[in-house]
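Colleague: With the input below, show me the fold.
(4 chains)
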There are 2 protein chains.
Amino acid sequence: MPGPALVDDGKNTMASQLVDRLREAIVSGQLEAGSKINLERARGSFGVSLSPLREALARLISDGLVVFEDNRGYRVAPVSLSNLEEITRLREEFEVLALRQAIAIGTVDWEGDVMRALHRMNRIERDPSTPDTLERWEAYHREFHLTLIAGCRMPLLLNFCGVLLSLNDRYRRSFLRRTPGGDRNVAQEHGEIAQGAVARDADFACDRLREHIHRTGTNLQRHLADKLAP
Amino acid sequence: MPGPALVDDGKNTMASQLVDRLREAIVSGQLEAGSKINLERARGSFGVSLSPLREALARLISDGLVVFEDNRGYRVAPVSLSNLEEITRLREEFEVLALRQAIAIGTVDWEGDVMRALHRMNRIERDPSTPDTLERWEAYHREFHLTLIAGCRMPLLLNFCGVLLSLNDRYRRSFLRRTPGGDRNVAQEHGEIAQGAVARDADFACDRLREHIHRTGTNLQRHLADKLAP
DNA sequence: TTGACAGGAAAAATCGTTTTTTGTATCGAT
DNA sequence: ATCGATACAAAAAACGATTTTTCCTGTCAA
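Modeller: I've put the predicted structure just below:
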């Protein structure tokens, strides 16, 4: 039998594990946007009972990944151009606000965390033929953006940014699966943001971050528009 | 038997009704901040079974009114000075951002909604001896602030603002129960904001709104500081 | 042909019970 | 006397079964 876990990650219950599994399934596109979530079928495929499944879905409502209507059950949140535009707009405002604060009051530990997150992300080769590396890069990418702003010490704002990041990742992972980053040098953009942050150059870092988010958003909007009106 | 509802408010299930009841119980201070929520006891006092209770609490997690830990159950979210400071700061940023957008693209219907919400709020006499009027004013006050920014057509941002407003109301309703508005003329502040909004004077309206939120926040912080260190 | 109505299948919501985990108090050993 | 292990009680989590609601389909009448 497997020995007891050395570290308690605080995800001991079915419901909490399901939240992560469902989020990943939705963000990765495994569960199609706008589709109904049949509870009985989901119960079977995830191998759990209805109570924890229901609880996990309820927690994902406020994350914007799941929508709910009384007596009509749960659905995967739909995607739209206006939704993507709003996400991009809010990411610019929120993440820049958080980064400016982090640069103002972040500790030395935070600086180190940023550089480590940057390094780990850049070490991954994004080989489209092996989806595994892509998914790992996605995880590190999310981690980088969250670490960058984590120094601001504003839990509510960090939570909002995390929500927006998940919503944004769903668009990226459905469109940029095979062409990560488009024609831009994303690695360089990340590098400039991180360098500016640890150098405490708020204006430079925030401008780079805003441009980075805006470019990504424009990129995704083009892909989505092409898909909706081929 | 009661006839069928003329309007379907979409709150037909136990769980959905419980979300509202629990939110009201927490925001009103009926459930003390930081206290454990005993499921068995709550089941009894609310007259429902465990499944919908659990589901309702799960939905309130991301609203920031409830915190959860695996195998240790649900608790009412604690209050703190730093939490109040963050709420105030974010309300300034978010609501001003939304108001500016609403003034830019809001329809004539939106203008009418704002004036109606203002009027209804001002018609209520806030008589401290009758708690009923205070609660009704609170509801109209929340409605006013949400209506003011509703014209921006940014569902995610509106949701975030609603979350922050609920969190903020909890502080106000615990401290300003007997001294609504302090020594300020709150009605005049609301009037100026609304007038500026429908006149499409973005700079004026946004400045007044920011001041309004900031003053309320400072006011509450003083009350909370007094309570924590008497 | 179209519209309303009824019946049945499917899905969701709720409940009561069982299992698992946690916190606590007691007992024993060093 | 202090520390550690163990047993007991209370709370939370998960499950299976039951009830309620909705959705789909086929029928009948206008």
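
Colleague: got the contact list for the nearest residue to A:Glu85 once chain neighbours are set aside?
Modeller: With sequence-adjacent residues excluded and distances taken as C-beta to C-beta, 6 or more residues apart in numbering or on different chains, A:Glu85 is closest to A:Gln221, at 6.8 Å. Heads up, the C-betas are built off the backbone N, CA and C, glycines and all. By C-beta atoms under 8 Å, 6 or more residues apart in numbering or on different chains, the contact list for A:Gln221 reads A:Leu81, A:Leu84, A:Glu85, A:Thr88.

Colleague: so where's chain A shaky on pLDDT?
Modeller: Using pLDDT under 70 as the threshold, the predicted model of chain A has low-confidence ranges A:1-10, A:177-183.

Colleague: Go again with 80.
Modeller: Within chain A, the segments meeting pLDDT under 80 span A:1-11, A:125-129, A:131, A:176-184, A:230.

Colleague: Which part of chain A gets nearest to chain B, residue-wise?
Modeller: Nearest residue of chain A to chain B (C-beta to the nearest C-beta) works out as A:Ser62 at 2.9 Å.

Colleague: can you count the residues close to that residue?
Modeller: Summarising burial for A:Ser62: neighbours were counted as other C-beta atoms under 10 Å in any protein chain shown, giving 19.

Colleague: Repeat that for A:Val19.
Modeller: Close neighbours of A:Val19, defined as other C-beta under 10 Å, add up to 22.

Colleague: From what I see, it and A:Ala56 are in contact.
Modeller: Yes: with contacts defined as C-beta atoms under 8 Å, A:Val19 counts as touching A:Ala56 at a distance of 4.7 Å.

Colleague: Could you tell me how far the lengthiest helix in chain A lies from the centre of the chain?
Modeller: In chain A, with assignment by DSSP state H, the single longest helix is helix A:202-228. Chain-centre distance of helix A:202-228: 15 Å, with C-alpha atoms, centre = their mean, to the nearest Å.

Colleague: got the buried residues for it?
Modeller: Along helix A:202-228, these residues count as buried under the neighbour rule (16 or more other C-beta atoms under 10 Å in any protein chain shown): A:202, A:204-206, A:208-210, A:212-213, A:215-217, A:219-221, A:223-224.

Colleague: Close to DNA strand C: what parts of chain A are there?
Modeller: On the criterion C-beta under 7 Å from any atom of the strand, DNA strand C has as its neighbours in chain A the residues A:12, A:36-40, A:50-51, A:54, A:70-74.

Colleague: What about chain B: which of those touch it?
Modeller: Among the residues of chain A next to DNA strand C, the residues lying close to chain B (C-beta under 8 Å from any C-beta of the partner chain) are A:Asn12, A:Ser51, A:Arg54, A:Asp70, A:Asn71.

Colleague: measure A:Val76 to DNA strand C for me?
Modeller: Noted for A:Val76: a distance of 12 Å to DNA strand C, by C-beta to the nearest atom of the strand, to the nearest Å.

Colleague: now A:Leu90
Modeller: Applying C-beta to the nearest atom of the strand, one obtains 29 Å for the distance of A:Leu90 from DNA strand C.

Colleague: Chain B contacts on chain A?
Modeller: When proximity is defined by C-beta under 8 Å from any C-beta, chain A lies next to chain B at A:10-13, A:15-16, A:51, A:54-56, A:58-59, A:61-64, A:69-71, A:82-83, A:86-87, A:89-90, A:93, A:97, A:153-157, A:159-160, A:163-164, A:167.

Colleague: change it to 6 Å
Modeller: For chain A, the residues in contact with chain B under the definition C-beta under 6 Å from any C-beta of the partner chain are A:10, A:12-13, A:16, A:51, A:54-55, A:58-59, A:61-62, A:70-71, A:86, A:154, A:156, A:160.

Colleague: In helices, which of the residues you listed appear?
Modeller: Reading helices off these with DSSP H, I get A:Ser16, A:Ser51, A:Arg54, A:Glu55, A:Ala58, A:Arg59, A:Ile61, A:Glu86, A:Leu156, A:Phe160.

Colleague: Could you count how many residues lie near the fifth one?
Modeller: Other residues within reach of A:Ala58 by the criterion other C-beta under 10 Å amount to 25.

Colleague: same deal with the second one?
Modeller: The number of residues packed near A:Ser51 is 15, by other C-beta under 10 Å.

Colleague: Leaving out chain neighbours, which residue sits closest to it?
Modeller: Spatially, and ignoring its direct neighbours in sequence, A:Ser51 is nearest to B:Ser51 (6.0 Å; C-beta to C-beta, 6+ apart).

Colleague: Give me the buried subset of the residues of chain A next to chain B.
Modeller: Burial of the residues of chain A next to chain B was assessed by neighbour count (16+ other C-beta under 10 Å); the buried members are A:Thr13, A:Ser16, A:Arg54, A:Glu55, A:Ala58, A:Arg59, A:Ile61, A:Ser62, A:Glu86, A:Met154, A:Leu156, A:Phe160.

Colleague: what comes into contact with the particular helix or strand that has A:Leu167 in it?
Modeller: Following DSSP states H and E, the helix or strand that holds A:Leu167 is helix A:155-175. Here helix A:155-175 makes contact (C-beta atoms under 6 Å, 6 or more residues apart in numbering or on different chains) with A:27-29, A:63-64, A:84, A:87, A:90-91, A:94-95, A:98, A:142, A:145, A:220, A:223, B:86, B:160.

Colleague: Just the buried positions in the helix or strand following it, please.
Modeller: Moving toward the C-terminus from helix A:155-175, the next helix or strand (DSSP H and E) is helix A:186-198. Using 16+ other C-beta under 10 Å as the burial criterion, the residues of helix A:186-198 that qualify are A:Val186, A:Glu189, A:His190, A:Glu192, A:Ile193, A:Ala194, A:Gln195, A:Gly196, A:Ala197, A:Val198.
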